[in-house]
Structures are given as structure tokens and as C-alpha cells.
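Student: sequence below, structure please.
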Amino acid sequence: MRSLNLDQLRTFTAVVEFQSFSKAAVALNLTQSAVSQQIKELEARLSVRLLDRLGKKAYPTAAGKELLGHAEEILAKAAVLEEAMQTHREGGWARVRLAASAGLGAYVLPPILRSLQAEHPDLEVSVVVGGTREIFRKVAANEADIGFVITSGDSADPALSVEAAYRTQLLGYWPKAFGSLPDEVEPQHFVDKPFIHLTPENLNHTLVSTWFRQAKRQPTVTMEFDTGLSVVPLVEAGIGASILPSEFRIPLRRAKNVLIRPTKPPIPVHASVAVHRDKPQHQSLRLVYRALLATRAH
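Tutor: Coordinates of the predicted model:
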């Protein structure tokens, strides 16, 4: 059997993703005939049918489904290899794609990036924010080079290496208009007050829901948001109370109408750094990795 062709594998995964030869052609900037030819050549090389056409849609056969997992892994490895070679072409520097939890990205990351830029002007870091689970997925899929996340422990994905930078916790954020609080906030304090939750896709939602469930209490959820960045101004405006990571204290330091309290029992979390175990540790990535872990002095 002749060697596999990366372009053919990439075309195959695109056809499966879009269930369409024509849509895959548009996504890959190819003609539809070129896509059909690459699939035909791939099937000939493997001596097996990979796709079934039903009407205008294409579906993977049993063999195609098995190939898909291998193809995605091979293409991810190839992307890592290309990045490693890029660092040599560019004198050891490469752009670092950093994915961060919202609170870390907004309030902890800026001084870190400012210091890195001052010390290494050639270093380029792009940043996206998101939930912990989505960040882990991006790092595992090589859509991000490194993650800076709030997590309750290691990732379940064995492909990832997750190292804690510092311990922190979730805190209760409470409008003073709702009344006073003791030194620690407990589940029963939220029961009869409007509560602003994060969406179920967010790790924060899971941790907070478990905290309430273990106390056999249930808050009255009036709103849900993807990020705590949207929740903070609503708490400050007296719309509802919430439980968020400690980083969200920062924009509220001067707020006179918000109480911030530790939870009882506490909800411990970590600010952690995640990388793919197979990721080449080029100079740029090493610098960012070390800078994020240096927040252990936080």
C-alpha cells in the first residue's frame, strides 16, 4: 500500500464533518471534483469504501468511522510538527495561542502579559477566553497551545498535563440591598434571593450546584450566563447574588454595595496551567508556561 496522503485525510475529515462533498470543497477552497478525486484515491489506497452517498449527503461507512479517529490524530500530530518547524524558521519564536478562564483572562493575565512583552518584545501571545471544559478541549485538539484555567482537579483527558499554579476558592457575591451576611455565606442564605448562575457547560455551575445539592438547598435561579464577566455588574446593580471564582473580587474592590464572603463549606479550586503532553516546548511556549506558573506567589 502506498503512503497515506495528509491532504486526502484532511479532505476526508471535512466531508464527514459537513456530510457533503460540495461544502467540504468550499471549506477547503477546492473544486468539488478535486474533493471527489481525493476521496476516490484514498479509498483506492486503503482498498475499502469509506463514504456512502445518500442523496446529497455523505456518511462514513464502518471503515470510515474507524479511519476518522486515526485521521484526526494524524492531522493533529502533523500540525504540531509544522509548528515545531516554524519556530526554527523564525529564530526560535512562535506565536502562542493561550486559552484562559474568563476571570483569569480579565484580571490575572494582563500584568503577566505586560511583563512578558516588556522582557521579550518578539513574543506574540493571542488570547481567547472560555469555560474550563472548552479550554481543555481546545488544548487537547491543538486549537490552543496552553490553557490557564480554574479547575477542581486534573483533566480527565490523559493527553493533557495539568499543573496547579495556586489554590483559590469560589466566593459568594452578595448585593448589600439583600441584607447583611455573617463572615461566611452558606447555602441557605441564597434560597429566597434571586441567584445568577453560570450555564451548565461551565465547571463553576457543576461545583456550585453540587454545593447546594449537598446542603439539600436550591436557589431561585433568575439568570444564567456563559461567563462571570456578565454576572459581576448585575450583582453590583443589586439584580442578584452569585458564587464565582475569587478573581472577580478585583473589579469590585471599590464597590460599596457588594459583600464578598467565603463559602461554608468552602468550594476549593485551582488556577492551573494545561498543555498537551506531546506539545513541543519551544522557547515561546516555555516562557508563557513559566510565567503562568509563577502566579503561585499570587
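
Student: the bottom helix or strand of the protein by mean pLDDT?
Tutor: helix 62-89 (a mean of 80; mean pLDDT, DSSP states H and E).

Student: could you measure Thr199 against Ser246, distance?
Tutor: 20 Å (C-beta to C-beta, to the nearest Å). All C-beta atoms are positioned from the backbone trio N, CA, C, and that covers glycine.

Student: of these two, give the one with the bigger neighbour count.
Tutor: Ser246 (18 against 12; other C-beta atoms under 10 Å).

Student: so the more buried one sits right up against Thr168, yeah?
Tutor: Yes: assessed by C-beta atoms under 8 Å, Ser246 is found in contact with Thr168 at 4.8 Å.

Student: mind checking how far the least confident helix or strand of the chain is from the chain centre?
Tutor: When C-alpha coordinates are averaged (C-alpha atoms, centre = their mean, to the nearest Å), helix 62-89 and its chain have centres 20 Å apart.

Student: also stretch 225-243?
Tutor: 21 Å.

Student: mean confidence score for it?
Tutor: The pLDDT scores in stretch 225-243 average 95.

Student: distance between the ends of it?
Tutor: 12 Å (C-alpha to C-alpha, to the nearest Å).

Student: re earlier: what residues of the least confident helix or strand of the chain count as buried?
Tutor: For helix 62-89, the neighbour count (16 or more other C-beta atoms under 10 Å) marks 64, 67-68, 71, 74-76, 80, 83, 87 as buried.

Student: just give me the neighbour total for Ile250.
Tutor: Neighbours around Ile250, by other C-beta under 10 Å: 12.

Student: and the helix or strand where Glu224 lies, what does it pack against?
Tutor: Assigned by DSSP states H and E, Glu224 falls within strand 220-225. The contact analysis (3 or more C-beta pairs under 8 Å, 6 or more residues apart in numbering; DSSP states H and E) places strand 220-225 against strand 194-198.

Student: next up, the contacts around the nearest residue to Asp157 once chain neighbours are set aside.
Tutor: Once flanking residues are discounted, Asp157 sits nearest to Ala140: 5.0 Å by C-beta to C-beta, 6 or more residues apart in numbering. Ala140 is in contact with 155, 157, 159-160, 276, counting by C-beta atoms under 8 Å, 6 or more residues apart in numbering.

Student: give me that answer again for 7 Å
Tutor: 157, 159-160, 276 (C-beta atoms under 7 Å, 6 or more residues apart in numbering).

Student: nearest to Val191, of those residues?
Tutor: Proximity to Val191 was ranked across the contacts of Ala140 by C-beta to C-beta; first place goes to Asp157, at 36.0 Å.

Student: pop out the phi and psi values for that closest one.
Tutor: phi -80, psi 120 (degrees, to the nearest 10).

Student: how many residues are close by it?
Tutor: Neighbours of Asp157 using other C-beta under 10 Å come to 15.

Student: what of the one 10 residues further on?
Tutor: Arg167 is flanked by 11 other residues according to other C-beta under 10 Å.

Student: what's the helix or strand for it?
Tutor: strand 160-175.

Student: in that strand, what counts as buried?
Tutor: 160, 162, 164-165, 168, 170-175.

Student: just put those residues in a markdown table and tack on pLDDT and distance to Asp145.
Tutor: Formatted as a markdown table, the buried residues of strand 160-175 follow (pLDDT from 0 to 100; distance: C-beta to C-beta, whole Å):
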| residue | pLDDT | distance to Asp145 |
| --- | --- | --- |
| Leu160 | 92 | 12 |
| Val162 | 94 | 14 |
| Ala164 | 92 | 19 |
| Ala165 | 93 | 17 |
| Thr168 | 91 | 23 |
| Leu170 | 96 | 27 |
| Leu171 | 97 | 30 |
| Gly172 | 97 | 35 |
| Tyr173 | 97 | 32 |
| Trp174 | 97 | 38 |
| Pro175 | 96 | 39 |
